[in-house]
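Asks: need a structure here:
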Amino acid sequence: MLVLIVCLVLPVNGHVPVSADGNYNISTALPVEKPTKSYVLYGHLHEAGESAWYQLRMNPGDRLVVSLMTPGYNAPIPDLIVMSPGTTVFSDVLHGQVSVPEGYQAEIIKGELPRDAEYEPFSPAAIFKVASYSKEITAPGLYYVGIVSPVNETPYSIAVGYVEEFTPSEWVFVPLNVISTHIWEGQSILALLSPFLAVVVLGFIVFSRRESRKGSHLTYSCWLATIAGLCYLGGAAITVVQMVRVMTVTGPASSVAVTIVFVIIPVLLGIWALRLGRISSGRTLRDRVFLVFIALFGLVFWAGLVVGPVLAIIAAVIPNRIK
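Replies: Modelled structure (predicted):
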């Protein structure tokens, strides 16, 4: 089913989310380690005319790709500035405050309100792209990308690079980074986590009462597997709520199928963990192997907000005698 869905949907991009701060001057520009790798950098400008800067070291043959985005149709629209090494010496002042260093040439891309928002399937999120820039690099050196706010309190994000790759740690912690992304969009942390908390807390109460009526005494391993399964279902609930919320803005999109995969697989893994958690006769080697399998696939498919897979691994290794 996974292979079939991936073959049928349109290509989608995945980006490594990064938060930025303290880069309000070109002299303190935040270095982007691999400028050809896909990153999404999130920031916030507090005053009109304030700017944020990013430093990219480019080589011949690379392509400088930048997209500037805002969290919604009603959000302030910033402008994008790209400074490239050049033979022309500039001393102009852009936007009244931004000076162009000697030996650099600057291009201003004015932000424009997008007609439609794009559906991003992995988060999921609505993408409001207000400006974009692409250039084939012939002159090596440091390139600077700046975002300038026209008004007070301007949240923004920029996507740089075009090579879709993740380190293992980046991939594993994407669900936690996505939480900060949704907060940047203006969602409250309580509203964001409420589906997860509802599933875990209510599920724990239901299973506790059931075991109390049965008079059974489950081991810690069983309870950890149960809570891990509830975390998987809770994470899937967050994804479903976000998917529906975004579709009310963007409308239906073929890439929704990718989001559905990241819902179905955690749900199946969560149900499997719950079934293993009901086994009170002692954890067999096969059960432990299954729990490790559930944990690893949970990390691959961003299930359980990292907490679920960690609990599944602990449940797999904890001795049966601990009750």
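Asks: what helices and strands are in contact with the lengthiest strand in the chain?
Replies: Across the chain, the longest stretch assigned as strand under DSSP state E is strand 125-136. Counting by 3 or more Cβ pairs under 8 Å, 6 or more residues apart in numbering; DSSP states H and E, the packing neighbours recorded for strand 125-136 are strand 63-70, strand 79-85, strand 104-109, strand 118-120, helix 220-250. From N, CA and C alone the C-beta is placed, and that goes for glycine too.
Asks: if we go to 7 Å?
Replies: strand 63-70, strand 79-85, strand 118-120, helix 220-250 (3 or more Cβ pairs under 7 Å, 6 or more residues apart in numbering; DSSP states H and E).
Asks: list the contacts of it.
Replies: 63-73, 77, 80, 82, 109, 111-114, 117-120, 181, 185, 246, 249-250 (Cβ atoms under 7 Å, 6 or more residues apart in numbering).
Asks: same thing with stretch 263-281?
Replies: By Cβ under 7 Å, 6+ apart, stretch 263-281 touches 216, 218, 222-223, 225-226, 228-229, 232-233, 235-236, 239-240, 287, 290-291, 294, 297-298, 301, 303-304, 312.
Asks: put the alpha carbons of that stretch into PDB.
Replies: Extracted C-alpha coordinates of stretch 263-281, given in PDB (Å, rounded to 0.1, in the frame of the first residue of the first chain):
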ATOM      1  CA  VAL A 263      -1.500   8.300  10.000                       C
ATOM      2  CA  ILE A 264      -2.300   4.700   9.000                       C
ATOM      3  CA  ILE A 265       1.100   3.200   9.900                       C
ATOM      4  CA  PRO A 266       1.300   4.800  13.400                       C
ATOM      5  CA  VAL A 267      -2.200   3.600  14.100                       C
ATOM      6  CA  LEU A 268      -1.400   0.100  13.100                       C
ATOM      7  CA  LEU A 269       1.800   0.100  15.100                       C
ATOM      8  CA  GLY A 270      -0.100   1.600  18.100                       C
ATOM      9  CA  ILE A 271      -2.800  -1.100  17.900                       C
ATOM     10  CA  TRP A 272       0.000  -3.800  17.800                       C
ATOM     11  CA  ALA A 273       1.700  -2.300  20.800                       C
ATOM     12  CA  LEU A 274      -1.700  -2.200  22.700                       C
ATOM     13  CA  ARG A 275      -2.200  -5.900  21.900                       C
ATOM     14  CA  LEU A 276       1.300  -6.800  23.200                       C
ATOM     15  CA  GLY A 277       0.600  -4.700  26.300                       C
ATOM     16  CA  ARG A 278      -2.400  -6.900  27.200                       C
ATOM     17  CA  ILE A 279      -0.200 -10.100  27.500                       C
ATOM     18  CA  SER A 280       0.100 -10.700  31.200                       C
ATOM     19  CA  SER A 281       1.700 -14.200  31.100                       C
END
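Asks: quick one: that stretch to chain centroid distance?
Replies: How far stretch 263-281 lies from its chain's middle: 25 Å, per Cα atoms, centre = their mean, to the nearest Å.
Asks: now do the helices in this structure.
Replies: Per DSSP state H, the chain carries helices over the ranges 2-8, 168-172, 174-184, 189-214, 220-250, 256-277, 285-300, 307-317.
Asks: how about the third one: buried residues?
Replies: Using 16 or more other Cβ atoms under 10 Å as the test for burial, helix 174-184 gives 174-175, 177-179, 181-182, 184.
Asks: rewinding a little: nearest to I137, out of the helices and strands packed on strand 125-136?
Replies: Closest to I137 of those, according to Cβ to Cβ: strand 63-70, at 5.9 Å.
Asks: pairing partners for that closest one, with directions?
Replies: Strand pairing for strand 63-70, using DSSP bridges, gives strand 125-136 (antiparallel), strand 154-160 (antiparallel).
Asks: any idea of the angle the longest one forms with strand 104-109?
Replies: With axes from the mean of the first three to the mean of the last three Cα atoms, to 10 degrees applied, the angle from strand 125-136 to strand 104-109 works out at 140 degrees.
Asks: about what we covered before: can you put the helices of the chain in CSV and add mean pLDDT?
Replies: Below are the helices of the chain laid out as CSV (pLDDT from 0 to 100):
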stretch, mean pLDDT
helix 2-8, 49
helix 168-172, 87
helix 174-184, 89
helix 189-214, 92
helix 220-250, 95
helix 256-277, 95
helix 285-300, 95
helix 307-317, 95
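Asks: in JSON lines, list those helices along with distance to A131.
Replies: Below are the helices of the chain laid out as JSON lines (distance: least, Cβ to Cβ, whole Å):
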{"stretch": "helix 2-8", "distance to A131": "31"}
{"stretch": "helix 168-172", "distance to A131": "26"}
{"stretch": "helix 174-184", "distance to A131": "18"}
{"stretch": "helix 189-214", "distance to A131": "28"}
{"stretch": "helix 220-250", "distance to A131": "19"}
{"stretch": "helix 256-277", "distance to A131": "26"}
{"stretch": "helix 285-300", "distance to A131": "34"}
{"stretch": "helix 307-317", "distance to A131": "38"}
